[in-house]
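Asks: model this:
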Amino acid sequence: MYQQSPVVYLLDDDPDVRESLALLLRSVGVRSQDYACCADFRAGWDPSVIGCLILDIRMPGESGLQLLESLAEQQIDLPVIMLTGHGDLSACRRAFRSGAVEFLTKPVDEEALIEAVQSAIRAHIDSREKSKVSSQAQAHLARLTGREREVLASIAEGLSNKQIAKLLSLSPRTVETHRANLFDKLEVSSLAQLVRLYWLALDPP
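Replies: Got it, this is the predicted structure:
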């Protein structure tokens, strides 16, 4: 589990909005860091920290939507809650297409914002845990030879030893040897564990 408490990044060019949001978050025990422009946020945020970003859609210079789209292009996993004072439907659609987890209008409903923040933080933790498991599975698969990977892929697709032998032009005994090596190298004790490890490595969050 994570040693540091989550951080909510507040990005809005209005200092009064940033202050009120910070006070609201502090009232429920959530730390925050605030920024007045996208450039300051880029320079100050820590990608390793669990949390979320509350982002105003209209900012001087780089807009909130442009930052959101840039984070999506870089595959940054930080959940983003968009704020707007205008309720622009097209902007809302654009934000969700770029991965925003929530879109709220100002003045913000405090209960809705706290619920959105808590949900975003839980989602971020889940995403990091899944990513960690996937990385571990990939590290295990890296121990395999090319042929062992082929056998494993066939096992994961539900093929029998005889079917795998025919598909890969191997003898059934050789397939059995590869199968035993897979259990040993991947440190699993059941077929279910073997298949689960394979799909975890191939299907990162």
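Asks: Flag the shaky bits of the chain, pLDDT-wise.
Replies: 1-4, 87, 203-205 (pLDDT under 70).
Asks: Could you rerun that using 90?
Replies: 1-5, 48, 58-61, 75, 84-99, 105-107, 126-143, 186-189, 192-205 (pLDDT under 90).
Asks: domain ranges for it?
Replies: Residue ranges for each domain of the chain read 7-131, 143-202, as given by automatic domain parsing.
Asks: Nearest to Ala137 among these would be which one?
Replies: Closest approach to Ala137 among the domains of the chain (C-beta to C-beta): domain 143-202, 3.8 Å. In short, each C-beta sits where N, CA and C put it, glycine included.
Asks: distance between the ends of that closest one?
Replies: End-to-end distance for domain 143-202, by C-alpha to C-alpha, to the nearest Å: 15 Å.
Asks: ok now it, how far from the chain's centre?
Replies: Distance of domain 143-202 from its chain centroid, counting by C-alpha atoms, centre = their mean, to the nearest Å, is 29 Å.
Asks: If you count contacts, what does the helix or strand containing Gln33 end up packed against?
Replies: Gln33 is part of strand 31-35 when elements are defined by DSSP states H and E. Judged by 3 or more C-beta pairs under 8 Å, 6 or more residues apart in numbering; DSSP states H and E, strand 31-35 is in contact with strand 7-11, helix 15-27, helix 38-44.
Asks: thinking in terms of the whole chain, how far from its middle is the helix or strand hosting Glu115?
Replies: Take DSSP H and E as the rule and Glu115 turns out to sit in helix 110-141. Relative to its parent chain, helix 110-141 has a centroid offset of 6 Å by C-alpha atoms, centre = their mean.
Asks: Report the inter-axis angle for that helix versus strand 7-11.
Replies: Interaxial angle of helix 110-141 relative to strand 7-11 (axes from the mean of the first three to the mean of the last three C-alpha atoms, to 10 degrees): 120 degrees.
Asks: Just the buried positions in the helix or strand just after helix 110-141, please.
Replies: Sequence order places helix 146-156 as the next helix or strand after helix 110-141, per DSSP H and E. The neighbour-count check on helix 146-156 (16 or more other C-beta atoms under 10 Å) flags Glu148, Glu150, Val151, Leu152, Ser154, Ile155, Ala156 as buried.
Asks: what does helix 146-156 rub up against?
Replies: 141, 144, 163-164, 167-168, 175, 178-179, 181-182, 185, 191, 194-195, 198-199 (C-beta atoms under 8 Å, 6 or more residues apart in numbering).
Asks: same for the following helix or strand past that helix, what does it pack against?
Replies: Counting by DSSP H and E, the element after helix 146-156 in chain order, helix or strand, is helix 161-168. Counting contacts by 3+ C-beta pairs under 8 Å, 6+ apart, helix 161-168 is packed against helix 146-156, helix 172-185.
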